[in-house]
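Chemist: Below are the sequence and a predicted model; questions follow.
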Amino acid sequence: EISAAKPFVEHDFELNDGSILRIRGVNSTIVSFENDDDGDNKLVVGSFQATMPEQDGVEYLLMCHHPYDWLLDHDKRQDHWNSRAKIQLFGHKHRQRVQQIDSSVVMGAGAVQPSEREAPWEPRFNVLNISTHLEGEQRFLEVEVFSRVWKEEDQAFNPDFTRDGLESKKYKL
């Protein structure tokens with residue numbers, strides 16, 4: 001479904017309060033060539049596919065393979081996406097990072113099958129539980145992240161417990 005007229009993918013899911021979670025997948029390799037790994041900031045997402053209109057009752061989850069620091073237009077993309085996308089998922093780097101920036105959760109996803117030559121070799125993935133909650137008159141989007149990491153001794157993906165010994169971490173946006 002990718003074309004010049006629509007270089008991104010979108011899919012809507014209904015949240016528990018009837019609002020919409022719109023997943024927007026942007027293509028970070030449209031402007032790309034064989035030496036993209038030779039230094040930073042060579043890829044371009046562009047405003048056409050990256051602009052997410054503000055709509056009542058719609059929250060955005062952004063997916064982009066390459067992280068901000070690989071994008072030539074990263075300042076523009078980061079400013080806009082932080083103002084629109086409550087959840088931002090990035091790949092390419094195989095090291096997991098989860099942080100809350102203002103009213104967004106930004107995740108470097110890790111990798112289920114990283115190269116064993118990468119140090120540290122640590123296969124992992126995340127499961128997200130996304131819901132809305134009211135506290136008085138205030139509406140919140142809650143993102144609960146369940147991280148799983150490969151344990152060689154168990155030959156299984158097990159919970160990656162938080163410092164508090166919890167199986168998940170919650171972000172209230």
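Modeler: That came through fine.
Chemist: Can you give the distance of the longest strand seen in the chain from its chain's centre?
Modeler: The residue-count maximum for a strand in the chain (DSSP state E) belongs to strand 138-151. Remark: strand 138-151 is offset 12 Å from the chain centroid, using CA atoms, centre = their mean, to the nearest Å.
Chemist: buried set for that strand?
Modeler: 141, 143, 145, 147-150 (16 or more other CB atoms under 10 Å). In this view, the C-beta of every residue, glycine as well, is placed from N, C-alpha and C.
Chemist: Reformat those as TSV; add distance to residue 89.
Modeler: Shown next, in TSV, are those (distance: CB to CB, whole Å):
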residue	distance to residue 89
141	15
143	11
145	11
147	13
148	15
149	18
150	20
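Chemist: Beta-bridge partners for the spatially most central residue of the chain, please?
Modeler: The C-alpha lying nearest the average C-alpha coordinate of the chain belongs to residue 89 (CA atoms, centre = their mean; 0.9 Å). Residue 89 forms beta bridges with residue 63, residue 107, as assigned by DSSP bridges.
Chemist: what packs against the least confident helix or strand in the chain by mean pLDDT?
Modeler: Of all helical and strand segments in the chain, the minimum by mean pLDDT, DSSP states H and E falls on helix 47-50, at a mean of 80. Here helix 47-50 touches helix 74-84, going by 3 or more CB pairs under 8 Å, 6 or more residues apart in numbering; DSSP states H and E.
Chemist: Give me the contacts around the helix it packs on.
Modeler: Contact with helix 74-84 is made by 41, 45, 47, 50-52, 54, 60, 62, 68, 71, 88, 101-104, as judged by CB atoms under 8 Å, 6 or more residues apart in numbering.
Chemist: Now list the buried members of these.
Modeler: Buried subset of the contacts of helix 74-84 (neighbour count, 16+ other CB under 10 Å): 45, 50, 52, 60, 62, 68, 71, 88, 104.
Chemist: how about the fifth one, what does it touch?
Modeler: Contact partners of residue 62, counting by CB under 8 Å, 6+ apart, are 24, 26, 52, 81, 85, 87-89.
Chemist: Among those, which one sits closest to residue 117?
Modeler: Proximity of the contacts of residue 62 to residue 117 was ranked by CB to CB; the top entry is residue 89 with 24.6 Å.
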